[in-house]
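# fold the following for me, if possible:
(chains A and B)
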Amino acid sequence: MLDSQPDDARTLVAIFLRGAADGLALVPPVGDDDYHRARPRIAIAAREGLKLDGFFALNPQLAELLPLFQEGQLSIVHACGSDDDTRSHFEAQDLMEHGGTSVAGGWIGRWLRCTGGNGALSALSFGAQLPESLRGAPSATALQSLDELRPGEDTPQLRAELAELYRGDTLLGASALAALSAAERIGALAAAPYVPEHGASYATSTDGELARDFGGGLARIAQLVKADLGVRAATLDLDGWDSHFVQETTITPRLRALALGLSAFARDLGPRLSTTSIVVMTEFGRRVGENGSLGTDHGRGGVFFVLGGGTSGGMHCRWPGLGTGSLIGPGDLDVVHDYRDALAGVLARHGAAQELPRIFPGRKLAPLPV
Amino acid sequence: MISRRGFLAASGGALWLAGCERIAHFGAPAPEAVVFSAPGDASADLVQHVLARCSFGICPGDRAALLALGATQESAAQAWFEQQLEPQKLDDELCERALRRCDTLDAPLGELYEYKPQVLLSELTAAALLRATYSKRQLHEVLVEFWSDHFNIDSSKAECAWLKTGDDREVIRKHALGRFEELLVASAFSPAMLWYLDGRANVKRTSDERPNENYARELLELHTLGVHGGYTQQDVMEAARCLSGWSVRDRHGLRKARVEFHADEHDDGRKCVLGVEIPAGGGERDARILLETVARHPATATHLATKLCRRFLADEPPAQAIEAVAAAFRASAGEIKATLRALFASPEFAQSRGTKLKRPFHYAVSMLRATQAQTDGGPALASYLARMGHAPFQYPTPDGYPQEASAWQGALFWRWKLALALAGGHIEGTRIDGARLLGEVGGPAGLLAHLLGRAPQARERELFLQNGEARLGLLLAAPEFQRC
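From the prediction side, this is the model:
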């Protein structure tokens, strides 16, 4: 039933904030005067931010993450991003999910292939479509709820017939067999209602649809992690961070969804948080100066979070500054930490220490101690 | 004859009749009587290929109708293309009848605000399903879907919730087989697009105000040159300056949805985009010059040719075909029909049989067409599209739904569920008249050839025909039917 690799107990959850989340709003450098100068109308004031160290603060809408940071369960990498300078969502997401230029497959896909993660449930995507990061994985299944994978009306005979029809299919065979196997395995799990543990509660409709849906995705992942079904990687998106226009309105519900979701997930996992890594990433940060519509345009350096899985915790950042001489391109935060160095630091704890050069080919890695 | 039991063999359900009873009040069109011709080769022939790839699926009568257009398969296929490229000459009464219940489709822009967004989206979605299912203008509908992705607008963003219906009608459907430059200009000044990519917020009133780059960037990256088309960040910023001042009235005042140029919000200085000098003082002409420049840029031809080839040839289209199609685009100054003629004439098109995975919308509609289903295109059917990740007008980012198979392989499970639900009559508002279908295709063996698109192999006969009955659900769920 389960995979038998020794690192099976470890799961990596990759959360992608699509649309380019503004790192300067998530983790504002409230101690930097240039920050307040560049954003006269939309900056987070020092007194509003939740103090992380003497310089950075956490957006008050992320308050639930503060205890995790204080306990050393949360690492924050600032001025983090990729070498993509198209400032295009799609190019930058594509590059980041592939884990480099001119490489085949996604970074999770390559990682699982390198380390032999080929169970039917080894890679799951909670969403309508498979993300590029899972491309090339030995198996990858997209789903929106466990119910979808319940056997439902079909029968073992029908499943056997579908398996026969699809088995030799070069395009669809692997996906089909993975789907059939997943259906069988999750059927039992989906039959009973899920009760979170350790006093955790996920967001409900009263917290807004975004928070409810995002929390629901994390609850499904927690359920699968705890059921030891061999889930090695799970991906989940939180969309809509492209805050060109009245940024605060755009990002507030998303910040709430993120804070409520991650804090509930961490609590629900309990001791399993030490074997479950959560990486929160975004394709790039946003322009340092606010634009004319109380928003921000596409920039470069952004923020990554690493939660649990044995992370070292704390701030990881060589701050480049926001003065005119420090900005790049049309006025963007410099990328001091390459996203691959952040991911490599996490993957090293997921059985991939020896495989990192194959997972991120063409990059001289300097894994961050996140 | 097929029996109810025959359908149920695959579905395991017991509600096959239920769908029939619920359908009556929707007035879904009854299928026309047809002549059926069974594909008889061991693999898909040219006719089967053309119909599978360039329409939303093969109805029982389609093959015979196409074959009647010429003496050989090649000449008949050629005649079919020419017919399809003149959609207004094809009578589409059946489809128009099916659309009658969608009142909002023809509402003038300003009046769209009188409807609830959910009503507009459900009617627009129903219309997309009904047109794809019932229209005789299949190639036009396929191109409508193509351009809907190319100029993607997510109806959940701000006033797009009301305005996408107008964009679908005035931009996408109107220009789907016209000139690309006209399509591009229509899209640029479409109220929905001005909302979706923040063009309306692109203003320059003071010297230190920065234009909003969102639309300008996607214009170059997605709509025209393509991300590797040779433009720079500077070009994006200059393009945004050209477009500054174009806005659209919102729903809170008079003349809702009216597109306007505000000279006082336009950056009227000198610009240079892609090497083209635009002198100061151009005012609203700047946007026209910009759009003309990008529409005619050589990289635009290559970008569009690549996307068309990806839709009609292969996920990784051969360079030679792309170049031929791009050349036709350039030579015709962006005539979409001429571009498509080059594509269909390319040897790579004929060679690419059965290699594409149908996207979920295509898959769902091809089942309806193949089985002569009667549908209202209503929420029960649309919910399957959402679960398969392909709900029309709901893709959040401006790149549109992906074309490549790899993006869609993970949702097979839902395809099977849909096939079984349809065969079992479990989708409210949609039904198949099994007896009639079997009559049209000459019995279970004909149904097998019809749905496989070729002569069945011995094992397939065993699997799909049991006790002389065809197992429709399993046939529709099979890998052959996932492809086009």
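# okay, now residue 155: neighbour count?
With no chain named, the answer covers chain A. 13 (other CB atoms under 10 Å in any protein chain shown). All C-beta atoms are positioned from the backbone trio N, CA, C, and that covers glycine.
# chain B was what I was after
There are 26 residues near B:Ser155, going by other CB under 10 Å.
# so it, which of the three states?
Judged by DSSP: H, G, I helix; E, B strand; the rest coil, the three-state class of B:Ser155 is coil.
# ok, it - contacts?
Applying CB atoms under 8 Å, 6 or more residues apart in numbering or on different chains to B:Ser155 gives the contacts B:117, B:120-121, B:124, B:161, B:164, B:393-394.
# make CSV out of the residues you listed and add pLDDT, distance to chain A and neighbour count.
Converted to CSV, those look like this (pLDDT from 0 to 100; distance: CB to the nearest CB, whole Å; neighbours: other CB atoms under 10 Å in any protein chain shown):
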residue, pLDDT, distance to chain A, neighbour count
B:Pro117, 90, 15, 17
B:Leu120, 97, 20, 24
B:Leu121, 94, 16, 23
B:Leu124, 98, 19, 21
B:Ala161, 91, 15, 23
B:Lys164, 98, 17, 32
B:Phe393, 92, 14, 22
B:Gln394, 86, 9, 19
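# just the ones of these in helices?
Among those, DSSP state H puts B:117, B:120-121, B:124, B:161, B:164 in helices.
# elements contacting the one helix or strand B:Gly166 maps to?
Element membership of B:Gly166, judged by DSSP states H and E, is helix B:160-167. Counting contacts by 3 or more CB pairs under 8 Å, 6 or more residues apart in numbering or on different chains; DSSP states H and E, helix B:160-167 packs against helix B:117-134, helix B:191-196.
# taking those helices together, which one is wrapped up most tightly?
helix B:191-196 (a mean of 28; mean count of other CB atoms under 10 Å in any protein chain shown).
# what's the mean pLDDT across it?
For helix B:191-196, the mean per-residue pLDDT is 96.
# tell me what it is packed against?
helix B:160-167, strand B:246-248.
# ok, then the element right after it?
helix B:214-218.
# give the next helix or strand downstream of that next one.
According to DSSP H and E, the helix or strand after helix B:214-218 is helix B:233-243.
# related to what we said a few turns ago, can you list the ones in helices among the contacts of B:Ser155 in JSON lines and add distance to B:Arg369?
Formatted as JSON lines, the ones in helices among the contacts of B:Ser155 follow (distance: CB to CB, whole Å):
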{"residue": "B:Pro117", "distance to B:Arg369": "30"}
{"residue": "B:Leu120", "distance to B:Arg369": "26"}
{"residue": "B:Leu121", "distance to B:Arg369": "23"}
{"residue": "B:Leu124", "distance to B:Arg369": "20"}
{"residue": "B:Ala161", "distance to B:Arg369": "30"}
{"residue": "B:Lys164", "distance to B:Arg369": "25"}
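# out of those residues, which is nearest to A:Arg272?
Proximity to A:Arg272 was ranked across the ones in helices among the contacts of B:Ser155 by CB to CB; first place goes to B:Leu121, at 40.6 Å.
# I'd assumed B:Ala386 was in contact with that closest one.
No - counting by CB atoms under 8 Å, B:Leu121 does not reach B:Ala386; the two are 11.2 Å apart.
# between those two, which contacts overlap?
Counting by CB under 8 Å, 6+ apart, the residues touching both B:Leu121 and B:Ala386 are B:Gln394.
# quick check: B:Asp106 vs B:Ala127, distance?
Taking CB to CB, to the nearest Å as the measure, B:Asp106 and B:Ala127 are separated by 11 Å.
# count the neighbours of B:Glu181 for me.
Neighbours of B:Glu181 using other CB under 10 Å come to 19.
# by contact count, what packs against the helix or strand hosting it?
B:Glu181 belongs to helix B:180-188 when assigned by DSSP H and E. Helix B:180-188 sits against helix B:174-175, helix B:285-296, with contacts defined as 3+ CB pairs under 8 Å, 6+ apart.
# quick check, the residue in chain B closest to chain A?
Proximity to chain A, evaluated over chain B using CB to the nearest CB, is greatest for B:Gly389 at 2.8 Å.
# now the helices: where do they sit in chain A?
A:23-26, A:33-38, A:66-70, A:89-98, A:107-114, A:156-166, A:173-190, A:209-226, A:247-269, A:339-347, A:356-359.
# so what pLDDT did residue 40 get?
You didn't pick a chain, so chain A it is. 97.
# correction: the question concerned chain B.
Reported pLDDT for B:Gly40: 92.
# end-to-end on stretch B:83-90?
8 Å (CA to CA, to the nearest Å).
# what's it in contact with?
Residues contacting stretch B:83-90 (CB under 8 Å, 6+ apart): B:54, B:69, B:136-140, B:177, B:337, B:340-341.
# for it, which positions count as buried?
B:83-85, B:87 (16 or more other CB atoms under 10 Å in any protein chain shown).
# average pLDDT across it?
Averaged across stretch B:83-90, the pLDDT comes to 98.
# any idea of the pLDDT on the residue of the stretch 51-200 of chain A found nearest chain B?
Across the stretch 51-200 of chain A, the shortest distance to chain B (CB to the nearest CB) belongs to A:Ala128, at 2.8 Å. With respect to pLDDT, A:Ala128 scores 72.
# for B:Ala458, same thing?
pLDDT at B:Ala458 comes out at 95.
# so which of the helices and strands packed on helix B:180-188 gets nearest A:Leu273?
helix B:285-296 (50.3 Å).
# quick one, that closest one and helix B:180-188 angle?
With axes from the mean of the first three to the mean of the last three CA atoms, to 10 degrees defining the directions, helix B:285-296 sits at 130 degrees from helix B:180-188.
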